[in-house]
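Q: how would this look folded up:
(chains A, B, C and D)
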There are 2 protein chains.
Amino acid sequence: MARTLPQPARESIEIVTVLQALADPVRLEVLRELAKVTEPRSCSLEEYDVDITAATLSHHWRVLREAGLTTTFVDGRRRWVELRRDDLQARFPGLLDAVLR
Amino acid sequence: MARTLPQPARESIEIVTVLQALADPVRLEVLRELAKVTEPRSCSLEEYDVDITAATLSHHWRVLREAGLTTTFVDGRRRWVELRRDDLQARFPGLLDAVLR
DNA sequence: GCTATACTTCGATTGTTGTCAAACGATCCA
DNA sequence: TGGATCGTTTGACAACAATCGAAGTATAGC
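A: The predicted structure is shown next:
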């Protein structure tokens, strides 16, 4: 599995940015999916129960990544996303649990 | 202390709406002030360290109230705001602590 | 190389939000 | 009763955000 797309370092994750990223129904939905597993998940539209185009989902993955909520891995033509559990727990303890429960 | 302005019932508080309300630096700041005390606090602009007009602060109080984060009491010409700790803790345990810490 | 695949980026559109000044409404008090 | 005070509402505006289709980029596999 190849390179990781740029993302903020743990200490640079800002609460307002995180909350802005969380405050969208589509992003909340895909984050809940991510939260179900510990391994990275595919970025593909088909994997998620959201009524948007691939372009829009791609936009949401970017928002999540730039806010510091997820890591995106590139592997060939495929992309994988993973929740940054440890970083978020270190920075804002309990936040993810409270939001995604 | 007189009437209470309309606000959503505990069961009607929605996570997306709450997160949208939280996702603003001014609102986070005033919520942190509210979180410091248990009694209601004045709505007055002078009480808060924010660089906006009274009209804008009034708008923010309304967003917070309509999202279910605060209760507003009207007493004469004065208004008082209070965090809905119990309702929020019941609905989204740990959320407020995680955000306002 | 060529073509199909998997996603992203671009440009445009539309709706939402934060902000202010000005006007308003309610209350207190002299 | 008439001002002054406290805060809200209204209307306007600019900035931002979600969305899409279309074009673009990188990769895989033939």
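
Q: and the gap between the residue in chain A sticking out farthest from the centre and chain B?
A: Of all residues in chain A, the one whose C-alpha sits farthest from the chain's mean C-alpha position, using C-alpha atoms, centre = their mean, is residue A:76 at 19.7 Å. Using C-beta to the nearest C-beta, to the nearest Å, one obtains 35 Å as the distance from residue A:76 to chain B. Where you see a C-beta, it was placed from the backbone N, CA and C, and this is true even at glycine.

Q: With residue A:75 instead?
A: Between residue A:75 and chain B the distance is 31 Å, computed by C-beta to the nearest C-beta.

Q: Then residue A:80?
A: Per C-beta to the nearest C-beta, residue A:80 is found 25 Å from chain B.

Q: contacting residues for that residue?
A: Contact criterion C-beta atoms under 8 Å, 6 or more residues apart in numbering or on different chains gives A:1, A:40, A:41, A:42, A:43, A:72, A:73 as the residues in contact with residue A:80.

Q: and these near DNA strand C, which?
A: The overlap between the contacts of residue A:80 and the neighbours of DNA strand C (C-beta under 7 Å from any atom of the strand) comes to A:42, A:43, A:72.
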